[in-house]
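Asks: Okay, predicted coordinates and the sequence, questions at the end:
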Amino acid sequence: MAAGAPDGASSKSDIYAGNGPRLMLPVWVFIGLFLLLPVALMGVYSFLTKEFRGGVIWDFTLTAYDQFFLDRGLFGDDPAKIEWTYIGIFWRSIWQAGMATIMCLLIGFPTAWFIATRDAKTRSIWLFLITIPYWVNLLIRTVSMKFLIRDTGPLNEFLMWSGVINEPLGLINTNFAVQLGLFYSYLPFMVLPIYAAVERYDFSLSEAAADLYANVWTILRLVILPVVKPGIIAGCILVFVPSLGAFLAPDLLGGAKTFMIGSLIEEQFKGNAGNWPFGAAASMILLSIVMAVLLIYARSQTKGDK
Amino acid sequence: MASKKYLLKAPKNDLRRLPGFTTVTLLCLFILYAPLMVVAIYSFNASTSITNWGGWSLAWYGDVFFGPEAAKFQQAAINSLIIAVCAAFAATIIATAAAVAMNRTGAFRGKTSGFMLINLPLMVPEVVTAVASLVFFSTIGFTTGLGTILLAHIVFCIPFAYLPISARMQSVPDLYEQAAMDLYATPLEAFKLVLLPIMMPGLMSGFLLAFIISLDDFLITNFVKGAGIETLPTAVFGSVKQGIKPNIMAISTLMLGVSVVFVSLSWLIGRAGQSQQETK
Amino acid sequence: MTSSDIAIDIDNVVKRYGAFTALHGVSMQIHANEFFTLLGPSGCGKTTLLRSIAGFEDVNEGAIRLYGNDIAPLPPHKRPINTVFQQYALFPHMTVTENVMFGLRRSGWSRIEAATRADDVLKLVQLSNFADRKPAQLSGGQQQRVALARALAPRPKVLLLDEPLSALDLKLRQAVRVELKQIQRETGIAFIFVTHDQEEALTMSDRIAVMSSGHVQQIGTPREIYETPINRFVADFIGETNLLNVTVQSVSEGTAQVILPSGHPFSCPAATVNSDGTGHLSVRPERIELCPAGGGDLDVKVESQVYLGTDIQLHTRVADGEKMIVRLQNAQSTILPEIDTVVGLKIEAGAARLLAD
Ligand SMILES: Nc1ncnc2c1ncn2[C@@H]1O[C@H](COP(=O)(O)OP(=O)(O)OP(=O)(O)O)[C@@H](O)[C@H]1O
Ligand SMILES: [Mg+2]
């Protein structure tokens, strides 16, 4: 997820030495002031009291987190039990993102492999073909998917016309539709890192193994998997993390039963719920999960380097 | 028969040709393109129903440009373009300065934290960025509108602009700037007259990437846009919420076309840059 | 010699990279109009010294003076010194003319003057026909000449050339050598030329500084360096030489009495001697004559012959196991001894030299 190493061995240049802090100032102003600070402020908001119809009252309280985790009954005076609603939504989001990641892996790995083993010229064309849809507006893609798989959409029409099915598949508003949408949104994130790993792989190594009468699957497991594992892990993270907080796919392709974190949070600010502290608390919890995933990943990376 | 020689020496267990992988790749491409193709085709539907095919027609494109909602979508498109151009421009400048700091100024305090900061927008989930921005703007009392959208867009465009720019800068040895300084150019002149032109392809890719990313954004824009102001994605979303209408498909197809043109452009620029480097 | 005659005065310069010292107190003076060569094995600090002169490295100790003025406070772009880089570093986005005009425009020439000057310099390096090409459209030798033209155009006080010929093939290199030397004479600018090719150094230079691992070993004219090397390193690095272990009996007024491994006494010019009374006698292979066994200064056994075209090399061994190489002209009259026979060697008296380590 990092945009290039800070100082690769090849770029130890110091032509403009002494100007570093000055040149980084705009980054500090923009990202520091308009992202880092807001995220911190959002953390503060999660401990404030809600005002009806949006906004907050500056009274510190744990109500938002209490509401998230604990059920105190309709009037708030029952003994506290664990509130499963929101944990359930988070759990479903994790599950949906996980399923989407697996789908991406199942399709993305063979694709990345196939592309990486073409010769250099055709390779860049294949790669280009795979990445184009990613650059098409995400909303447009999601709407297109919705259009295609609707009960009265072209997919069902075609299948019924050809006699494969008698009634619509009923894909829309299911968990699977959401997974499909997430898969469609983030597939290139899986293909590209795996592609990069496979491309670096020296196939003469596996040819040596093939000479030793290993069969394809043995070679795949013993020789190649270790090589492409970093690419697979990176791909899984790149798909899983944005899927977890996704909004468009669950909102447009799913229904009430497929409610995910993104929609839960959105509803607190734009929708009917209008509970800003609660939305901020849910955002903080989502952010914590994502940071934990990234941290574990970063740890494993630095350990792997040694 | 280009592969004749290859056939002769292809080993029995060739890992470059694993069984089924070609099929999966084609399936993958099919899944990626089928929804877009279907929408593109149906945007030329003459029928007013989105379900039935009524023959070919440009009616819905006419509707997009001259229909009852034309003004709304045009304003939204203009807003989107203004924001994308400005955000991409600002992000490119900021990212270029950051790339110089990261690649050309040696070690300094705050380098690592600055690098993490550049990547922060990639790590924070979009919905969280959206919430944080809304909360921030409402706290400091910024009126939400084009200005807040632009600020938010600049922030998340920076890492995308930084990616190709920094990569390009790393691949250009500092020898050229040294030669420039040896020939009486000040460091600033060396940067302006030598480094910048040499890494122009990187700057262009950075700009285009940021531009597309800005055009693409729905969620953050939706949080910080304020009432009455729409960008193309938020306008389309609002419309889709009331059901997919054929004019949406025409708009989608137009946006699709624009994206494809831009991506192809940035791909070609990237290629040109590469070959320029190779012949050097 | 007045100070105005010394273009660059390098005074006890020390350069460290962290714990590693790249230059250990280097001193040398380069005269105006001089073709001065830095010669030494890879990693000895030649580039470091050039970069210090150009201003890309700050020195830790010592001073570099340009016509008497310390240039330490000047950044590279304020030093009237230009460099021809090893990889040429031509600006790929500019034409040949634009490349040549770059330094002129930056140092305050008007566009018209700069264009005229660029024309002249391109004429000098015989590239007038290529003025509008981009560097990528030129051959290696042409690029090298553009780099030279670009560096010469602003009339620098000193021109630094860091192995500018190393990217060229042998034929082209030999041609460009002649051209380069001629241009230096015509322009009258002090050239500091870096190479690790000793033949290049010997043929082009007015003076050579031989360096090894950050130290200057010897500074002198090509002839001095070749014929009177000051120590074993220089003798070994420049050209081919035989180094015989000898016992020193006495040294007086630059002449030494030594005992050869054969027990034969021998007198020769001396540079320095080890205090323990041993030394190395450096004998160039072409300064040895064959004679019947017992008739010369020492006897050797012939081990092999190597055919070199104009010359033939005899590889021989002295009784105590040291190798001696003898170079004979490949002429009809030369009689080659059979392998495994013992022959005598007569060392030309003035040509051998006693050296320390
Ligand atoms: N930036 C640096 N940091 C650390 N050590 C350096 C640096 N630059 C050069 N050195 C070291 O200083 C020594 C001298 O390097 P220099 O480049 O001057 O050698 P050179 O004589 O030009 O060799 P060559 O003939 O290979 O070009 C080398 O051992 C090199 O490793
Ligand atoms: Mg060097």
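Replies: Received it, and whenever you're ready, just let me know what you need. Numbering: from 1, shown residues only, chains lettered A, B, ... in the order given. Ligands and ions are numbered 1, 2, ... in the order given.
Asks: C-alpha from now on. contacts and neighbour counts both.
Replies: Fine.
Asks: Enumerate every residue touching residue 145.
Replies: You didn't say which chain, so I picked chain A. The neighbourhood of residue A:145, defined by Cα atoms under 8 Å, 6 or more residues apart in numbering or on different chains, consists of A:181, B:35-36.
Asks: that's the wrong chain, I meant chain B
Replies: B:224-227, B:229.
Asks: Can you name the next helix or strand after the lowest-mean-pLDDT helix or strand in chain A?
Replies: Per-element confidence for chain A was summarised using mean pLDDT, DSSP states H and E. The lowest value among helices and strands belongs to helix A:203-211, with a mean of 66. Proceeding N to C from helix A:203-211, the next assigned helix or strand is helix A:216-219, under DSSP states H and E.
Asks: As PDB, could you dump the C-alpha coordinates of that next one?
Replies: Once side chains and other backbone atoms are set aside, the C-alpha atoms of helix A:216-219 remain, and they are given as PDB (Å, rounded to 0.1, in the frame of the first residue of the first chain):
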ATOM      1  CA  VAL A 216       2.700 -29.500 -12.000                       C
ATOM      2  CA  TRP A 217       0.800 -29.300  -8.700                       C
ATOM      3  CA  THR A 218       3.800 -30.300  -6.700                       C
ATOM      4  CA  ILE A 219       5.900 -27.600  -8.300                       C
END
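Asks: quick one on the thing from earlier: what I need now is the contacts of residue A:145 written out in a markdown table, including pLDDT and neighbour count for each item.
Replies: Listed next are these as a markdown table, based on pLDDT from 0 to 100; neighbours: other Cα atoms under 10 Å in any protein chain shown:
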| residue | pLDDT | neighbour count |
| --- | --- | --- |
| A:181 | 93 | 26 |
| B:35 | 91 | 24 |
| B:36 | 91 | 25 |
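Asks: how about residue B:29, what does it touch?
Replies: Residue B:29 sits in contact with A:129-130, where contact means Cα under 8 Å, 6+ apart.
Asks: Looking at residue B:44 now. What's its pLDDT?
Replies: The predicted local confidence for residue B:44 comes out at a pLDDT of 89.
Asks: next one: the one 4 residues further on
Replies: Predicted confidence (pLDDT) at residue B:48: the value is 76.
Asks: Check the one 4 residues further on too.
Replies: In the prediction, the pLDDT value recorded for residue B:52 is 75.
Asks: so residue C:128 makes contact with residue C:119?
Replies: Yes. Residue C:128 sits in contact with residue C:119 when judged by Cα atoms under 8 Å, with a separation of 6.9 Å.
Asks: More neighbours: which of those two?
Replies: The neighbour comparison of residue C:128 against residue C:119 (other Cα atoms under 10 Å in any protein chain shown) goes to residue C:119, with 19 against 16.
Asks: what distance separates the start and the end of stretch A:264-280?
Replies: The first residue of stretch A:264-280 is 11 Å away from its last residue (Cα to Cα, to the nearest Å).
Asks: That stretch - what's its average pLDDT?
Replies: Averaged across stretch A:264-280, pLDDT comes to 86.
Asks: Check whether that stretch comes near chain B.
Replies: Yes. Looking at stretch A:264-280 against chain B by Cα under 8 Å from any Cα of the partner chain, the contacts come from A:265-266, A:269-270, A:279-280.
Asks: State the three-state secondary structure for residue C:211.
Replies: At residue C:211, secondary structure determined by DSSP: H, G, I helix; E, B strand; the rest coil is strand.
Asks: what's it in contact with, if anything?
Replies: Listed by Cα under 8 Å, 6+ apart, the contact partners of residue C:211 are C:38-41, C:44-46, C:217-218.
Asks: Helices - which of the residues you listed land there?
Replies: Taking DSSP state H as the definition of helices, the contacts of residue C:211 contribute residue C:46.
Asks: Which ones, among the contacts of residue C:211, also lie beside ligand 1?
Replies: C:41, C:44-46 (Cα under 6 Å from any ligand atom).
Asks: Looking at those residues, spot the one nearest chain B.
Replies: Distances from these to chain B were compared by Cα to the nearest Cα; the smallest belongs to residue C:46, at 17.3 Å.
Asks: surely that closest one meets residue C:38?
Replies: Yes. With contact defined as Cα under 8 Å, residue C:46 reaches residue C:38; the gap is 6.4 Å.
Asks: Quickly list what's touching both of the two.
Replies: C:194, C:211.
Asks: touching chain B at all, the longest helix along chain A?
Replies: Counting residues, the longest helix found in chain A (DSSP H) is helix A:84-116. Yes. With Cα under 8 Å from any Cα as the measure, helix A:84-116 is seen reaching chain B through A:107-108, A:110-111, A:113-114.
Asks: which one among those gets closest to ligand 1?
Replies: Using Cα to the nearest ligand atom, residue A:113 comes nearest to ligand 1 of the residues of helix A:84-116 next to chain B, at 40.4 Å.
Asks: That closest one: neighbouring residues, count only.
Replies: Here the number of neighbours of residue A:113 (other Cα under 10 Å) works out to 25.
Asks: Now for it: which residues touch it?
Replies: Residue A:113 makes contacts with A:194-195, A:198, B:21, as judged by Cα under 8 Å, 6+ apart.
Asks: Look at residue C:86 and tell me its secondary structure.
Replies: With three-state DSSP as the basis, the three-state label of residue C:86 is coil.
Asks: Now do the contacts for it.
Replies: With contact taken as Cα under 8 Å, 6+ apart, residue C:86 is in contact with C:161-167.
Asks: Report how many residues lie close to the residue in the stretch 151-300 of chain A positioned nearest to chain C.
Replies: For the stretch 151-300 of chain A, the residue positioned closest to chain C under Cα to the nearest Cα is residue A:200, at a distance of 28.9 Å. Under the neighbour criterion other Cα under 10 Å, residue A:200 is assigned a count of 11.
Asks: what do you get for residue B:272?
Replies: Neighbourhood size, residue B:272 [other Cα under 10 Å]: 13.
Asks: wait, is it part of a helix?
Replies: Yes. The secondary structure assignment for residue B:272 places it in a helix, going by three-state DSSP.
Asks: in which helix or strand would I find the residue lying closest to it once chain neighbours are set aside?
Replies: Distance criterion Cα to Cα, 6 or more residues apart in numbering or on different chains; nearest residue to residue B:272, sequence neighbours excluded, is residue B:201 at 7.7 Å. Counting by DSSP H and E, the element that carries residue B:201 is helix B:200-216.
Asks: now the following helix or strand past that helix: how far from the chain's centre is it?
Replies: Moving toward the C-terminus from helix B:200-216, the next helix or strand (DSSP H and E) is helix B:219-224. Using Cα atoms, centre = their mean, to the nearest Å, we find the averaged C-alpha position of helix B:219-224 to lie 17 Å away from the chain's own average C-alpha position.
Asks: is chain A contacted by helix B:219-224?
Replies: Yes. For helix B:219-224, a contact with chain A is found by Cα under 8 Å from any Cα, at B:219, B:223.
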